[in-house]
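Undergrad: Quick one, fold the following:
(one chain, ligands or ions: 1)
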Amino acid sequence: MSFTINAEISQFHGKLYKLSHESTSTKTKMDVNVFVPPSKSTKIPVLVYLSGLTCTPNNATEKSFFQYFATKYGFALVFPDTSPRGANIEGEDDSWDFGSGAGFYVDATTEKWSKNYNMYSYVHKELLTELSKQFPTLDFENISLSGHSMGGFGALSGFLSNPGKYKSVSAFAPISNPSTCPWGEKNFGNYLGEDKAAWYKYDPTHLIADYKHEHQPTILIHQGSADGFYAKDHQLQPEIFVDAAKKAGYKGGVELHVAEGYDHSYFFISTFAEEHAKHHAKYLGLSE
Ligand SMILES: N[C@@H](CCC(=O)N[C@@H](CS)C(=O)NCC(=O)O)C(=O)O
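TA: Numbers count the residues shown, from 1 in each chain. As a prediction, the model looks like this:
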């Protein structure tokens with residue numbers, strides 16, 4: 001398997017690559033963007049950023065400002081897509097919060113979706129393995145996770161279900177307890193079926209309750225107070241995750257910042273991108 005380089009763009013003294021490849025996990029062509037900072041190191045740490053509902057790899061690439069901080073601190077960035085595209089499954093393109101653009105970073109088990117909707121294996125296994133061959137100077141053993149909304153859920157879930165694999169995790173407005181919110185119920189119900197035990201294997205609030213691994217870095221979360229998905233729709237519920245972490249005695253703790261007046265958009269994400277970059281740089285061995 002090899003990547004097609006669709007674009008190679010100079011940015012912040014590094015290179016932004018827009019790539020595509022045939023995925024064995026999703027059985028579709030997948031797009032992914034990778035930013036490589038101007039480093040002479042042959043072991044450049046990596047931050048994987050998982051995007052939210054409706055996004056392609058380009059939304060965060062164009063609006064998060066993360067590349068500036070990747071150059072400043074010296075880590076590479078990986079921006080995966082949010083679902084398979086064009087799998088030709090009935091209903092896949094019918095709503096903005098399910099199917100295309102909403103793979104939810106799980107491996108589907110229901111008959112209808114399980115052939116293609118395997119974003120958990122795609123992100124945490126296939127993509128990282130394939131990128132390590134394409135980019136030999138990137139160190140995929142020194143890697144962290146971040147993400148927004150559905151991707152914030154994907155980051156927390158991926159970190160907690162792969163103990164020790166990721167050095168650190170952070171999230172912007174994450175869907176923190178998907179088993180108890182409308183987005184989670186819709187997506188988990190369709191992808192994983194009605195047995196909630198299967199949902200809990202991905203739900204950060206359940207995962208942290210059972211997390212036993214000694215690697216317990218501080219988990220950084222920002223949430224905008226004026227985000228309608230938080231304040232009005234109760235899709236995000238970061239406080240429930242914080243409580244679960246406290247109850248579980250998670251050693252690093254969860255640092256939740258509710259930022260007054262900020263919404264759910266990339267104006268919010270870009271404002272706090274540096275705090276997240278700094279957080280990961282510390283755990284990736286790039287700063288104090
Ligand atoms: N389409 C939805 C909004 C979806 C949304 O806010 N998606 C977030 C992630 S959950 C996002 O990043 N959208 C793309 C963007 O802002 O570039 C609506 O009309 O309410």
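Undergrad: tell me which element T110 falls in.
TA: Element membership for T110, per DSSP states H and E: none, as it lies in no helix or strand.
Undergrad: Give me the local confidence score for it.
TA: Looking at T110, its pLDDT is 98.
Undergrad: Could you find the closest non-adjacent residue to it?
TA: Take T110 and drop its neighbours on the chain: the residue closest to it by C-beta to C-beta, 6 or more residues apart in numbering is G193, 5.3 Å away. For the C-beta atoms, the positions are set from N, CA and C on the backbone; glycine is no exception.
Undergrad: my guess is that neighbour meets V106, correct?
TA: No. In this structure, G193 is not within contact of V106 by C-beta atoms under 8 Å, at 11.3 Å.
Undergrad: Settle it for me: which of those two has more neighbours?
TA: Relative neighbour count places V106 above the other of G193 and V106, with 24 against 15, counting by other C-beta atoms under 10 Å.
Undergrad: Name the next helix or strand downstream of the host helix or strand of E130, please.
TA: Per DSSP H and E, E130 falls inside helix 128-134. Once the chain leaves helix 128-134, the next helix or strand it forms, by DSSP H and E, is strand 138-147.
Undergrad: So which elements touch that next one?
TA: For strand 138-147, the elements it packs on are strand 44-50, helix 128-134, helix 150-161, strand 170-172, helix 266-283, judged by 3 or more C-beta pairs under 8 Å, 6 or more residues apart in numbering; DSSP states H and E.
Undergrad: Now do that strand against helix 150-161, angle only.
TA: Angle between the axes of strand 138-147 and helix 150-161 is 120 degrees (criterion: axes from the mean of the first three to the mean of the last three C-alpha atoms, to 10 degrees).
Undergrad: by how many degrees do strand 138-147 and strand 44-50 diverge?
TA: If you take the same axes, to 10 degrees, strand 138-147 sits at 30 degrees to strand 44-50.
Undergrad: hmm, back to that, could the helices and strands packed on strand 138-147 be laid out in TSV, adding mean neighbour count?
TA: Listed next are the helices and strands packed on strand 138-147 as TSV, based on neighbours: other C-beta atoms under 10 Å:
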stretch	mean neighbour count
strand 44-50	27
helix 128-134	16
helix 150-161	28
strand 170-172	31
helix 266-283	20
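Undergrad: Among those, which comes closest to F69?
TA: Within the helices and strands packed on strand 138-147, the stretch nearest F69 is helix 266-283; the backing value is 3.4 Å (C-beta to C-beta).
Undergrad: low-scoring stretches of the chain, by residue?
TA: 1, 288 (pLDDT under 70).
Undergrad: what does it put close to the ligand?
TA: 52-55, 59, 63, 96, 148-150, 264-266 (C-beta under 6 Å from any ligand atom).
Undergrad: Perfect, I'm done here.
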